[in-house]
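J.: I would like to see how this sequence folds:
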Amino acid sequence: MQPCAAKKSVRTAMTEVDRNAPLFDLKAKRIYVAMEHVAKNKPKILKKCALPLTRPRCVHHIVTDLAFIDVTPEGLLLREVAKGVTPEQVQAVTEPRLRIAPDLREMPV
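T.: The predicted model follows:
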């Protein structure tokens, strides 16, 4: 359930000396990934990442143009949706199943 497209953009933005070496050492307590939700009409939030991971299971929150999602041990929790977007529309472009927060709200502008 890693947003692997964000990892790809970091990987391509940096010069790689050794493809097996980690690109960076993450020591942050909370990691947010900001990304577009869809690229070329395909979801970017996937059940399983096809790219090599620098550090698996390290993301805590995903912020996209459509939603704010928490990454929890139980799966993805939809916390906020963009104005005019429904939870069903977000689920339609998200590969893993989303749980809807009981206090789901619209993203503040």
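
J.: from here on, contacts and neighbour counts on C-alpha atoms
T.: Will do.

J.: I'd say residue 38 and residue 95 touch.
T.: No - the pair residue 38 / residue 95 is not scored as a contact, 10.7 Å apart, by C-alpha atoms under 8 Å.

J.: max-length strand in this structure?
T.: Assignment by DSSP state E gives strand 98-106 as the longest strand of the chain.

J.: partners of it, with directions?
T.: Using DSSP bridges, the strands paired with strand 98-106 are strand 75-81 (parallel).

J.: any idea of the mean pLDDT in whichever helix or strand comes after the strand it pairs with?
T.: Per DSSP states H and E, the first helix or strand lying C-terminal to strand 75-81 is helix 87-92. Across helix 87-92, pLDDT averages out at 98.

J.: Check stretch 44-61 too.
T.: Mean predicted lDDT for stretch 44-61 stands at 87.

J.: what ranges of this structure fall below the confidence cut-off?
T.: 1-26 (pLDDT under 70).

J.: Contacts for the longest strand of the chain, please.
T.: Applying C-alpha atoms under 8 Å, 6 or more residues apart in numbering, the set of residues contacting strand 98-106 from outside is 75, 76, 77, 78, 79, 80, 81, 82, 83, 87, 91.

J.: Show me what counts as buried in it.
T.: 98, 99, 100 (16 or more other C-alpha atoms under 10 Å).

J.: Report the beta-bridge partners for the second one.
T.: With DSSP bridges as the criterion, the beta-bridge partners of residue 99 are residue 77.
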